[in-house]
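> sequence unknown, structure follows:
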């Protein structure tokens with residue numbers, strides 16, 4: 001049994017009866033004093049957090065770098081001795097290797113701290129952030145000390161900060177929503193205007209094509225009517241010529257009935273040039289010949 005909860009006896013329970021201490025349990029009587037009677041004001045937790053965020057020791061990193069250099073020099077010395085090199089050559093090579101290693105270590109120390117320790121620290125921080133997100137713990141709760149949950153002023157301030165942050169986020173989302181709606185409205189209006197313009201251009205093009213087609217069709221029909229009328233007149237003229245020849249009459253032309261036009265009096269206005277014959281003059285001439293021959297007949 002632990003804290004009044006659990007089995008009174010391990011007999012018949014199928015367990016060993018061993019109870020592990022719950023390190024996360026803290027009752028109200030232990031919030032101000034720890035097990036040794038010493039006041040616990042949260043400094044230990046603060047020190048632990050500072051230690052977890054503390055940068056790696058520069059002296060320890062420098063010592064590790066020097067140790068790696070000496071190991072490399074020892075390996076070089078052993079390889080040279082195994083190859084049968086002289087002592088002067090071995091000492092010179094080892095001294096050069098040691099100097100180069102120390103110069104490189106000094107350059108690395110001047111540039112930044114130990115990258116391996118920094119990478120480990122960053123990886124640990126990422127793991128803690130991931131774990132906190134998995135449990136839904138925000139940054140304020142992660143940085144809270146023991147007993148902060150009973151500090152009414154602190155909790156009130158935290159609630160106000162959360163409320164202000166939530167309202168600010170809601171206002172930002174509302175602004176983004178309005179901006180997106182305005183952009184969407186502008187896009188719809190622009191698309192509608194573009195559609196109307198395209199429809200207007202298509203309608204104009206369609207009307208132009210239809211107008212050209214009608215004009216071509218009218219010209220074709222007019223040409224057909226003129227051709228049919230000319231053929232009828234030619235046929236009628238041929239029939240009249242045949243009738244005149246059958247009766248033995250003398251064929252007459254319009255040119256023989258030409259009337260001499262007197263010259264214009266002096267001072268009268270005369271047209272500068274003769275206007276071109278109107279359309280259908282040939283048909284009018286043929287009609288005149290037919291009427292004249294009917295009259296002669």
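Thanks, I have it. The model shown is predicted, which means the values in this text are computed figures rather than measured ones. Numbers count the residues shown, from 1 in each chain.
> all helices of the protein, in order?
43-53, 58-83, 87-111, 115-135, 139-142, 152-247, 281-296 (DSSP state H).
> surely residue 80 and residue 89 touch.
Yes: contact criterion C-beta atoms under 8 Å: residue 80 and residue 89 qualify, at 6.9 Å. Glycine gets a C-beta too; all of them are placed from N, C-alpha and C.
> neighbour count winner among the two?
Higher neighbour count among residue 80 and residue 89: residue 80, with 17 against 11, using other C-beta atoms under 10 Å.
> quick check: closest non-adjacent residue to the more buried one.
residue 90 (4.7 Å; C-beta to C-beta, 6 or more residues apart in numbering).
> dump the residue contacts of the one you found.
Residue 90 is in contact with 77, 80-81, counting by C-beta atoms under 8 Å, 6 or more residues apart in numbering.
> and it, how far is that from residue 131?
Separation of residue 90 from residue 131 (C-beta to C-beta, to the nearest Å): 53 Å.
> where in the stretch 1-150 of the chain is pLDDT low?
1-8, 17-58, 110-118, 137-149 (pLDDT under 70).
> same thing with the stretch 151-297 of the chain?
If you take pLDDT under 70 as the line, the stretch 151-297 of the chain has these spans: 249-297.
> and of the contacts of residue 90, the nearest to residue 152?
residue 77 (69.8 Å; C-beta to C-beta).
> contact partners for the nearest residue to residue 70 once chain neighbours are set aside?
Excluding its sequence neighbours, the residue lying closest to residue 70 (C-beta to C-beta, 6+ apart) is residue 98, at 7.6 Å. Applying C-beta under 8 Å, 6+ apart, we find residue 98 in contact with 69-70, 73.
> and which of those residues is nearest to residue 135?
residue 69 (44.8 Å).
> quick one, what contacts that closest one?
Counted by C-beta under 8 Å, 6+ apart, residue 69 has contacts 97-98, 101-102, 105.
> now those residues in JSON lines, with distance to residue 151?
Formatted as JSON lines, those follow (distance: C-beta to C-beta, whole Å):
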{"residue": "97", "distance to residue 151": "60"}
{"residue": "98", "distance to residue 151": "58"}
{"residue": "101", "distance to residue 151": "54"}
{"residue": "102", "distance to residue 151": "53"}
{"residue": "105", "distance to residue 151": "49"}
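> next one: residue 193 from residue 199, what distance?
11 Å.
> actually residue 109, not the one I typed
In terms of C-beta to C-beta, residue 109 sits 74 Å off from residue 199.
> with neighbour numbers in mind, choose between the two.
More crowded of residue 109 and residue 199, by other C-beta under 10 Å: residue 109, with 14 against 10.
> can you give me the neighbour number for the closest residue to the more buried one other than its chain neighbours?
Excluding its sequence neighbours, the residue lying closest to residue 109 (C-beta to C-beta, 6+ apart) is residue 62, at 6.4 Å. Neighbour count of residue 62, defined by other C-beta under 10 Å: 15.
> hmm, residue 108 and residue 62 touching each other?
No: using C-beta under 8 Å as the test, residue 62 is too far from residue 108 to be in contact (9.6 Å).
> next, residue 85: phi, psi?
phi -80, psi 160 (degrees, to the nearest 10).
> ok, it - contacts?
By C-beta under 8 Å, 6+ apart, residue 85 lies in contact with residue 93.
> change it to 10 Å
Applying C-beta atoms under 10 Å, 6 or more residues apart in numbering to residue 85 gives the contacts 77, 79, 92-93.
> can I get these in CSV including distance to residue 182 and neighbour count?
Formatted as CSV, the contacts of residue 85 follow (distance: C-beta to C-beta, whole Å; neighbours: other C-beta atoms under 10 Å):
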residue, distance to residue 182, neighbour count
77, 76, 16
79, 75, 12
92, 77, 12
93, 75, 16
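> sorry, back to before: switch the contacts of residue 98 over to JSON lines; also include distance to residue 223.
Formatted as JSON lines, the contacts of residue 98 follow (distance: C-beta to C-beta, whole Å):
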{"residue": "69", "distance to residue 223": "108"}
{"residue": "70", "distance to residue 223": "112"}
{"residue": "73", "distance to residue 223": "111"}
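> just give me the closest of the residues you listed to residue 206.
residue 69 (87.7 Å).
> neighbours around residue 216, how many?
10.
> how far away is it from residue 223?
In this view, residue 216 and residue 223 are 11 Å apart by C-beta to C-beta.
> do residue 213 as well
16 Å.
> as JSON lines, the contacts of residue 85 with distance to residue 186 would be great.
Below are the contacts of residue 85 laid out as JSON lines (distance: C-beta to C-beta, whole Å):
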{"residue": "77", "distance to residue 186": "78"}
{"residue": "79", "distance to residue 186": "76"}
{"residue": "92", "distance to residue 186": "78"}
{"residue": "93", "distance to residue 186": "75"}
